[in-house]
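1. could you look at this predicted model? Sequence included:
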Amino acid sequence: MAKRIGITVSRQLMDCQKLHPEATGELTGLLSELIVAAKIISAEVNMAGLADILGQSGKTNVQGEDVQKLDEFANSTIKRRMEQCGYICVMASEEEDGIIPVLDGYEGKYSLAFDPLDGSSNIDVNVSIGTIFSIHRRLSDGKQGTEEDLLQKGRVQVAAGYIIYGSSTMLVYTTGDGVHGFTLDPSVGEFFLSHPDIRIPSRAKYYSVNEAYTNYWHEPTRRYIDYVKTIDKESGRPYSLRYIGSLVADFHRNLISGGIFLYPRDKKSTDKPEGKLRLLYEAAPMAMIVEQAGGRAITDDGRDILDIQPTGLHQRVPLIIGSKEDVDLAEKFFTGKMD
Ligand SMILES: O=P(O)(O)OC[C@H]1O[C@](O)(COP(=O)(O)O)[C@@H](O)[C@@H]1O
Ligand SMILES: [Mg+2]
Ligand SMILES: [Mg+2]
């Protein structure tokens, strides 16, 4: 894969296509359309305070969460663009209860699941937020796609990525050929390669968990977090705590600097027995990226996130993700193999 800093993302996609003679260019087309949607969202996020787009929309989504105006803007921007791009047959969004069809005559061979805006609690306070996406090859034949095309294991994703709207806007994605980061130059409206072949450090520097829930943690969580806080110079402990409250931003920091992010099950969320984060458009795409970068992603009972067969569009899973050595060790704590 071309490692030339400064090449555009469309150029890299084209180069990647050349490596796959069977490629038809449809995945490149799909990703290019998604990137246009991300640029539109990035422009809106960057001037959110001016555009009267902060605050709540007054609606509640299928997750029971208050929908922010920017959630809605991002959701409709992606939907409007992708329903007529001609490369996908069905979509799923965090903000929509059921599957989202494409316009008749625009059916394509892929399915798209997305979290239009991740980190909604940080939208109004100018803290990094993002968009997460996951792409599968369709299974159903016929024209419009079905839920079956979306409910596929993370292991068979053809591409996954996120766009982080932070101090700079970055696209980080994988098509199974490593993980690459591009930075948006807003003056020319183009993403340029800035982080080729990202490899997550095998040992963490940071741990990311919402400590406000300590009183509700199950014993393995408590023991593991106590462990990362224990002084052990040789293994770089205690790790520093960093928790932004936007999965995209916490994940991105750990991807670059080394870290472990945990959102395990707890005793607080009786309405969310499987934790908070969603498998299809949060955990599975991040798991593909982290594994492609040399890291790992599991549940808090040691299952690999990418091998979980989804059963529902908005299914939640406990998530432990990040530097491989730390996730391997955390697994021992959570599966009772650490005495
Ligand atoms: O406030 P909590 O319980 O720590 O939850 C924070 C988590 O919730 C999320 O905001 C959920 O995602 P959405 O903002 O897309 O709903 C994650 O980004 C983040 O990691
Ligand atoms: Mg989210
Ligand atoms: Mg969201």
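-> Cool, got the structure. Ligands and ions are numbered 1, 2, ... in the order given.
2. only C-alpha atoms for contact and neighbour calcs from this point on.
-> OK.
3. what about the closest residue to Phe191 other than its chain neighbours, which SS state?
-> Leaving aside its sequence neighbours, Phe191 sits nearest to Leu184 (C-alpha to C-alpha, 6 or more residues apart in numbering; 4.1 Å). Here Leu184 is recorded as strand under DSSP: H, G, I helix; E, B strand; the rest coil.
4. isn't Leu184 up against Val172?
-> No. With contact defined as C-alpha atoms under 8 Å, Leu184 and Val172 do not form a contacting pair (11.2 Å).
5. give me the phi and psi for Arg11.
-> Main-chain dihedrals, Arg11, degrees, to the nearest 10: phi -60, psi -40.
6. spit out the contact partners of Thr114.
-> Small correction: residue 114 is Phe, not Thr. Applying C-alpha atoms under 8 Å, 6 or more residues apart in numbering to Phe114 gives the contacts 91-94, 131-134, 280-282.
7. let's see that with 10 Å instead.
-> Listed by C-alpha atoms under 10 Å, 6 or more residues apart in numbering, the contact partners of Phe114 are 75, 78-79, 91-95, 131-135, 160-162, 280-282, 285.
8. repeat for Ser323
-> Taking C-alpha under 10 Å, 6+ apart as the contact definition, Ser323 lies against 199-206, 254-255, 257-261, 290-291, 293-297.
9. next step: those residues restricted to strands.
-> Among these, the residues falling in strands (DSSP state E) are 206, 259-261, 296-297.
10. all helices of the stretch 51-200 of the chain, in order?
-> Counting by DSSP state H, counting those that start in this stretch, the stretch 51-200 of the chain has these helices, from start to end: 69-82.
11. nope, the stretch 201-339 of the chain is what I meant
-> Under DSSP H, counting those that start in this stretch, the stretch 201-339 of the chain gives helices at 219-228, 247-257, 284-292, 324-334.
12. other SSEs contacting the third one?
-> Right, helix 284-292. strand 129-137, strand 159-165, strand 169-174, strand 179-185, helix 247-257, strand 296-298, strand 319-322 (3 or more C-alpha pairs under 10 Å, 6 or more residues apart in numbering; DSSP states H and E).
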